[in-house]
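> Test case, fold it:
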Amino acid sequence: MPSFSTFLLALIRLMRPHQWLKNTFVFAGLVFSHNWFDQALDGRVLHAFAAFCCTSSMVYILNDWHDRASDALHPRKRGRPLASGLVPAPVALALAALLLGGGLMLAAGNRSLLALLGVYVALNLAYSWRLKQVPVVDVSIIAAGFMLRLLAGTVAVGVPPSRWLLLTGVFLTLFLGFCKRKAESFHDETSQRAVLAHYPAALLDTFMAVTMTATLTTYSLFATSLEAQLQHGERLLYTVPVVIFGMLRYTYQVHRGHGEDVARDLLRDVWILAAGLAWLAIFLGHRL
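Below you'll find the model as predicted:
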């Protein structure tokens, strides 16, 4: 019988709070629109962020519940709270229901946000139950999840989205999705997901190169656009080399077997962290 603290820690692990880093895509519209001094808007974006944290944790729990039998036989995943039996299935489902309720309460009164959350849940359940076995479709759904977060921080809260920023988000999330598959391909065949049988190494390299090039192109066009110049002056232009360095460094890490867990691996590399801080310093320099 596990202690209460051990059980509580298992419940927290089950929600995967480190994955909430992905939900920071919600803040992109607020940051790039220079509206972060609008307290009412800040509150709406924070509500959207919290709603996605609750909803995404609910999706992770349902995914682990669905895969608990196969995870128990997996050399790495068998330590997960549900697969190991540390958290009983009824308790996990009850927690998922509470998180769903919390997400709906946070989004209450905002029809656009509720619709985006509904699409997010539907796509991720379809992914967990079947579509994660379909090549390219699987990564497209991962990318769609990021885009729904980005839209939640723009359309759902009244911030007009930049077209170049949206395109950058599409290609960046596709890049991260294919990086995830590339990193997973380094595992032993016995522990690889089934869809990787349809992803030859050369094909994944091509997909990564294409989406990285598209990301850097669209971000550069965004950084040099009239819209960005009016809002940020020349600052964004100077962030382009930093973004190039960060993506190249991340690609290097992926080819070393990292990148399967984007939220965790982005925080592990000191050079990627340094690039992120440099980007912030340049972007916020004129506000300091």
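> chain center to stretch 128-136, what's the gap?
Computed by CA atoms, centre = their mean, to the nearest Å, the chain-centroid distance of stretch 128-136 equals 17 Å.
> Three-state assignment for Pro135, please.
coil (DSSP: H, G, I helix; E, B strand; the rest coil).
> what sits against Pro17?
Going by CB atoms under 8 Å, 6 or more residues apart in numbering, Pro17 touches 53, 57. C-betas here are computed from N, CA, C, even on glycine.
> what are the phi and psi values for it?
Backbone torsions for Pro17, taken as degrees, to the nearest 10, come to phi -60, psi -30.
> which helices and strands does the lengthiest helix in the chain pack with?
For the chain, the helix with the greatest residue count under DSSP state H is helix 39-66. Using 3 or more CB pairs under 8 Å, 6 or more residues apart in numbering; DSSP states H and E as the contact criterion, the elements in contact with helix 39-66 are helix 4-15, helix 28-32, helix 89-107, helix 111-129, helix 137-152.
> Helix or strand next in line after it, which one?
Next in sequence after helix 39-66, counting helices and strands by DSSP states H and E, comes helix 68-72.
> Give me the buried positions along that following helix.
Buried residues in helix 68-72, counted by 16 or more other CB atoms under 10 Å: 68, 71.
> Let's have the helices and strands packed on helix 39-66 in TSV, adding distance to Val243, mean neighbour count and mean pLDDT.
Putting these into TSV (distance: least, CB to CB, whole Å; neighbours: other CB atoms under 10 Å; pLDDT from 0 to 100) gives the following:
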stretch	distance to Val243	mean neighbour count	mean pLDDT
helix 4-15	31	14	88
helix 28-32	13	22	80
helix 89-107	31	17	93
helix 111-129	26	18	91
helix 137-152	16	21	90
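> Could I get those helices in CSV, plus columns for distance to Asp269?
Shown next, in CSV, are these (distance: least, CB to CB, whole Å):
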stretch, distance to Asp269
helix 4-15, 23
helix 28-32, 22
helix 89-107, 30
helix 111-129, 27
helix 137-152, 20
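> closest to Val159 out of those?
Evaluated over the helices and strands packed on helix 39-66, closeness to Val159 peaks at helix 28-32, with 4.1 Å, by CB to CB.
> Flag the shaky bits of the protein, pLDDT-wise.
Residues of the chain meeting the criterion pLDDT under 70: 1-2, 157, 189-191, 263, 286-288.
> what do you get if the cut-off is 50, keeping everything else the same?
Per-residue confidence for the chain (pLDDT under 50) gives these ranges: 288.
> about what we covered before: of all the helices and strands packed on helix 39-66, which one is nearest Arg235?
Ranking the helices and strands packed on helix 39-66 by proximity to Arg235 (CB to CB) places helix 28-32 first, at 11.3 Å.
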